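K.L.:
Next one to model:
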Amino acid sequence: MTEMTKRVQFEDDSNSQVEPLHRACALGSLDDIRDFFNSNPKLDDHFYEGLSPLHVAILSDRTDVIDVIDVLVNNGVDVNAQTETNKDTALHLAVENGEFPQNYDVIVKLIDCKADAEIRNKRLRSAYDCALAKGHDLVASTLDGSKSTNEVQNSYRERYGEKYAPILNEAVLESDEDTMKEYIKKGADPNYINKEGDSALNLAIKNEDLRKSGQMMQVVNLLLECGADVTFKDLDGKDALTLAKERQYSDVVAVLNKSKSEHVKEGEQSPEPLPESSSEQSPEPVPVPGTPLPESSSEQSPEPVPGTSPVPKPETMSSPEPEHVVMEALEDTRETDGNVNKPNEDGLYPIHQAVLKDDSDERQKLLETLTEAGADVNVVVKGLGTTPLHLAAEKNRVDSVKFLLEHGADKTKKTLLGKTAFDMASDKGHTEVMELLGDRHDIVQDRWKKGAKKSSSCTIL
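P.N.:
Predicted structure coming up:
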């Protein structure tokens, strides 16, 4: 008898002997689960009919399963516990019983909770193997790290966006918020244009019934969260903001104005270079602390640091001191025309080149100068996906790793080969960097993997 069959029996079972936590996970509310832990702060290994509470939650039809996973894991339920019959983990069950893309967020949540995708069940299959066997290629690419969560979600949208978009638009016209949520989760494209030349966002604002029911703000916010384009114009040349202003929907106008400004910021891939001065051979200086601010770009340029001497304006500069710190010390940086967020011909950004410097004092000074000038600490090398943190970890630059983390470097970013900065340090055996980048789980897992490799190479005499 499979665990899935046992789950059906469990849900119909009114036997009072059933574990209360399992019953709460299958049929109760989120508060019921919290109440259990408030009354039972010490959790032993709870299994009922071969299933842990987490297994029951995954196999249930709950719409709040993400929140349930959070509560269970935070209260000590083992995310990698295996069922007694088939030795499946929660990740196995989610892959084998989920519908995608609807349940993709469950996979992501389990991975965030340190679910181990390499554990094998009784059939010697990992969760990755199960995903491939089920034809869930995008789930498999998440489990092996070959694609990021954002890449997978975009792939789902490309695959199902046009298929489900007409249903989404119809739901907007019918003020059916539940259907909207369902099909957006399935991957419906919120920017699909219907035969009348309208997007879902424009339709929502034009829908008077949606306004009367008080649901318009919820629908607008939902569409914006899912990437609805605020700049799209209908056949009359009106975008969502114009439509909302015409109808005097001040609350919608406020939300759209905020979204539109964020949209503009996202479109700016890199800071605009400073105005040209005299020749191509003399690039404009990088804005660094101590440099006087041009009147036209006072908001974009950093404020002068107290106690530093102002540098003459470009036209009258007799010494390129602040520029020299960034421009002269880095090889080929003149190719970027003074823009700290522009790569050279090799695809390397100034901050990557700074990390590669061997002299620690020079490296630290360059990193400080570049970040103060607005360098992106998470910028990647095109075609490799390598961030400055990846390079620092691989090169065992402990001071640079600390600096980058303190300045917002994302240690979860992966290269195109699926490597995090922790992985890069692990491959080279840089334990101090690993301690900075990994949590206890990462380090223990790494030791186990290396121990397994070592034992597999041993010869029994």
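K.L.:
so where's the longest helix in this protein?
P.N.:
Longest among the helix segments of the chain by residue count, using DSSP state H, is helix 149-173.
K.L.:
Do me a favour and average the pLDDT over it.
P.N.:
Helix 149-173 comes out with an average pLDDT of 81.
K.L.:
which residues are contacting the one helix or strand residue 223 maps to?
P.N.:
Taking DSSP states H and E as the definition, one finds residue 223 inside helix 216-225. Outside of helix 216-225, the residues that reach it under the criterion Cβ atoms under 8 Å, 6 or more residues apart in numbering are 172, 177, 180-181, 184, 190, 200-201, 204-205, 207, 210, 230, 249, 251-252, 255-256, 259. To be clear about C-beta, it is placed using only N, CA and C from the backbone, and glycine gets the same treatment.
K.L.:
which stretches of the chain have low pLDDT?
P.N.:
Scanning the chain with the threshold set as pLDDT under 70 gives 1-18, 43-45, 161, 261-338, 346, 439-461.
K.L.:
Could you list the domains of it?
P.N.:
Annotated domains of the chain cover 3-147, 151-262, 321-452 [automatic domain parsing].
K.L.:
Dump those into a markdown table; add mean neighbour count as well.
P.N.:
Converted to a markdown table, the domains of the chain look like this (neighbours: other Cβ atoms under 10 Å):
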| stretch | mean neighbour count |
| --- | --- |
| domain 3-147 | 18 |
| domain 151-262 | 18 |
| domain 321-452 | 18 |
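K.L.:
Run the angle between the longest helix of the chain and helix 216-225 for me.
P.N.:
For helix 149-173 and helix 216-225, the angle between their directions (axes from the mean of the first three to the mean of the last three Cα atoms, to 10 degrees) works out to 150 degrees.
K.L.:
Quick one: residues in contact with whichever helix or strand comes after helix 149-173.
P.N.:
Towards the C-terminus, the helix or strand next in line after helix 149-173, according to DSSP H and E, is helix 177-185. Outside of helix 177-185, the residues that reach it under the criterion Cβ under 8 Å, 6+ apart are 101-102, 164, 167-168, 171-172, 190, 215, 218-219, 222, 226.
K.L.:
Stretch 138-158 too?
P.N.:
Residues lying outside stretch 138-158 but in contact with it, judged by Cβ under 8 Å, 6+ apart, are 91, 95, 100-101, 104, 107-108, 111, 117, 126-128, 131-132, 187, 189, 414, 418-419.
K.L.:
rerun at 7 Å
P.N.:
Residues external to stretch 138-158 that are found in contact with it (Cβ atoms under 7 Å, 6 or more residues apart in numbering): 95, 100-101, 104, 107-108, 117, 127-128, 131-132, 187, 189, 414, 418.
K.L.:
for stretch 381-390, same thing?
P.N.:
Defining contact as Cβ under 7 Å, 6+ apart, one finds that stretch 381-390 is touched by 347-348, 351-352, 355, 377-380, 401, 404, 409, 411, 413-416, 421, 424.
K.L.:
quick one: terminal-to-terminal distance for it?
P.N.:
Distance between the two ends of stretch 381-390: 11 Å, counting by Cα to Cα, to the nearest Å.
K.L.:
tell me the phi and psi of the nearest residue to residue 129 once chain neighbours are set aside?
P.N.:
Counting by Cβ to Cβ, 6 or more residues apart in numbering, residue 120 is the residue found nearest to residue 129 once chain neighbours are left out, at 8.0 Å. Phi and psi for residue 120, reported as degrees, to the nearest 10, are phi -110, psi 140.
K.L.:
any idea how far residue 218 is from residue 181?
P.N.:
The gap separating residue 181 from residue 218 is 10 Å, by Cβ to Cβ, to the nearest Å.
K.L.:
oh, I was asking about residue 225
P.N.:
With distances defined as Cβ to Cβ, the gap from residue 225 to residue 218 amounts to 11 Å.
K.L.:
Same check on residue 377?
P.N.:
Computed with Cβ to Cβ, the distance linking residue 377 and residue 218 is 36 Å.
K.L.:
Likewise for residue 89?
P.N.:
Counting by Cβ to Cβ, the gap between residue 89 and residue 218 amounts to 36 Å.
K.L.:
Apart from its neighbours in sequence, what residue is nearest residue 232?
P.N.:
Using Cβ to Cβ, 6+ apart and skipping the chain neighbours, the partner closest in space to residue 232 is residue 199 (5.0 Å).
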